[in-house]
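Asker: Provide a 3D model corresponding to the input given below.
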Amino acid sequence: MFSFVIFSEEPGFAAEIEKQIAATGVARIGAVITDQDRLLESLKFEKPDGLFVDLGHAPHVVLDLLASLPIELPLTLVSGPHTDSSLILRAMHLGVKHFFPGAPSDSELTSVIVGLVQSVNRISATSKGHVIAVMGTKGGVGATVLACQLAASLQEIGGRVALVDLNYPLGDVALHFDVDPTYTLADLARAEEELDATYLRTILKGHESGVQILAAPTLMEDAESIRSRHVESVLPILRAEFDWVVVDVSRSWNEASVQSLTLADQILLVSLFDVPTLNHARQHKKILEGLALSGARTRMVGNRHSKGDAVTVSDFKRVLGSEPDVLIPNDYATTAESVNQGRPIGEVARGSAIHKAYRQLAIDVYAWCGVEVPEMKSARGIAGRFRGVFSRRS
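Answerer: Numbers count the residues shown, from 1 in each chain. From the prediction side, this is the model:
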């Protein structure tokens, strides 16, 4: 059974959390610690699967304690003040799986722990595909277009691809593929205890290219229901069902975004060749470094590149420390046609420079993840090509 160590300097609060965790039926308590000096010793002795930490009246002191421990933390849940956003971000930097604003209710703690246990069981019981997170450094850089075109190119090469829209509540992934999903991430959040591969298939919306889409909620109140635990639950299932899971990540650094970046095999940070965007890119890179998500796990994409750009590749390197790993050429007309028709660029302008760039990006993703590229096949037969020519958005 999943084991927990509880740390709180308030014995009454610790006893209440102990009671709540024991009542879940899926976890047991290894130890309850109320003294900071005993925490490391207990973690070494118990080797728990999970750790619940109460930040108490001195939250940054407790986080300093967690950061100083010379061991890898188990899966960690934290409760603390909800009014300090920097505190929440710092907790996520330390790898905390869920942050409870204040004392968790019985139902909330049970839901998170059950989801955590199920997620761990799924990961250990299934083979894993690869998660590719795409994040824009600023609004309007074309990150959603890139996520959609990458998904289509991975599918074209021969992979089974799911595309998740975490850029809520204004996500455009469904629009880019001209589909009208019946269900969204909000439905997944509402039915999290029923979540499995069978249920997830009913939520996904298929596109004729083969890409399966998990759409973003369109209503603000639905978007607010999405939490990091939902991302942590759904990505392992998608990994087991698909070769590639492409995630269009919000640049707002909410808890779901941070969780998706943490679980990603590769992060594509999308920037343009202008000074304001490069400045934003530099800030995003610093945050990723703070989350220990930089290095070979993060790739810089220079989007809409043109030889006539006032800001050059050399300028890009000077600001960000390295040249872009990927260059996508500027082809506004073809991209606009693709978006307006709701069809991948591979159908709209097959063989064009921008189509070749996205296809090469897909091949690079295979290489970065250490996966052999399948033997190239024709994306469509003659019937598919005629369908591509004559299909237009109604």
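
Asker: how confident was the prediction at Gly80?
Answerer: With respect to pLDDT, Gly80 scores 90.

Asker: bridging across strands, which residues link to it?
Answerer: Note on Gly80: beta-bridge partners by DSSP bridges are Pro101.

Asker: quick check, central residue of this protein?
Answerer: Ser260 (2.0 Å; Cα atoms, centre = their mean).

Asker: thought that residue was touching Ala133?
Answerer: Yes. Under the criterion of Cβ atoms under 8 Å, Ser260 makes contact with Ala133 at 5.4 Å. In this view, the C-beta of every residue, glycine as well, is placed from N, C-alpha and C.

Asker: before we move on, the earlier item: other SSEs contacting the strand or helix carrying the residue nearest to the centre of the chain?
Answerer: Per DSSP states H and E: Ser260 is located in helix 255-263. Packed against helix 255-263 by the contact rule (3 or more Cβ pairs under 8 Å, 6 or more residues apart in numbering; DSSP states H and E) you find helix 85-93, strand 130-136, strand 161-166, helix 228-241, strand 244-249.

Asker: what does it contact?
Answerer: With contact meaning Cβ atoms under 8 Å, 6 or more residues apart in numbering, helix 255-263 is reached by 88-89, 92, 95, 97, 99, 131, 133, 135, 164, 166, 226-228, 230-232, 235, 247, 249-251, 267, 288, 291, 293.

Asker: try it again with 6 Å
Answerer: For helix 255-263, contacts defined as Cβ atoms under 6 Å, 6 or more residues apart in numbering pick out 92, 131, 133, 166, 226, 228, 231-232, 235, 247, 249-250, 267, 293.

Asker: elements contacting the following helix or strand past it?
Answerer: Next along the chain after helix 255-263, taking DSSP H and E as the criterion, comes strand 266-271. Packed against strand 266-271, as judged by 3 or more Cβ pairs under 6 Å, 6 or more residues apart in numbering; DSSP states H and E, are the following elements: strand 130-136, helix 275-290, strand 298-305.

Asker: so the helix or strand just after the shortest one versus strand 244-249, what angle?
Answerer: To tie it back to what came earlier, the one meant is strand 130-136. The helix or strand immediately downstream of strand 130-136 is helix 143-157, counting by DSSP H and E. Put simply, helix 143-157 runs at 170 degrees to strand 244-249, going by axes from the mean of the first three to the mean of the last three Cα atoms, to 10 degrees.

Asker: just want the angle from helix 143-157 to strand 298-305.
Answerer: Helix 143-157 runs at 100 degrees relative to strand 298-305, counting by the same axes, to 10 degrees.

Asker: gap between helix 143-157 and the chain center?
Answerer: Distance of helix 143-157 from its chain centroid, counting by Cα atoms, centre = their mean, to the nearest Å, is 16 Å.

Asker: contacts for that helix, please.
Answerer: Helix 143-157 is contacted from outside by 134, 136, 161, 163, 172, 176, 209-211, 244, 246, 248, 270, 344-346, 358-359, 361-362, 379, using Cβ under 6 Å, 6+ apart.

Asker: can I have the buried ones of those residues as a ChimeraX selection?
Answerer: The buried subset of these, as determined by 16 or more other Cβ atoms under 10 Å, is captured in ChimeraX by this line:
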select :134,136,161,163,172,176,209,210,211,244,246,248,270,344,345,346,358,359,361,362,379
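
Asker: beta partners of the spatially closest residue to His305 that is not a sequence neighbour?
Answerer: Spatial nearest neighbour of His305, chain neighbours left out: Leu327 (4.6 Å); criterion: Cβ to Cβ, 6 or more residues apart in numbering. Beta-bridge pairing of Leu327 under DSSP bridges involves Gly302.

Asker: for burial, what's the neighbour tally of Leu327?
Answerer: 20 (other Cβ atoms under 10 Å).
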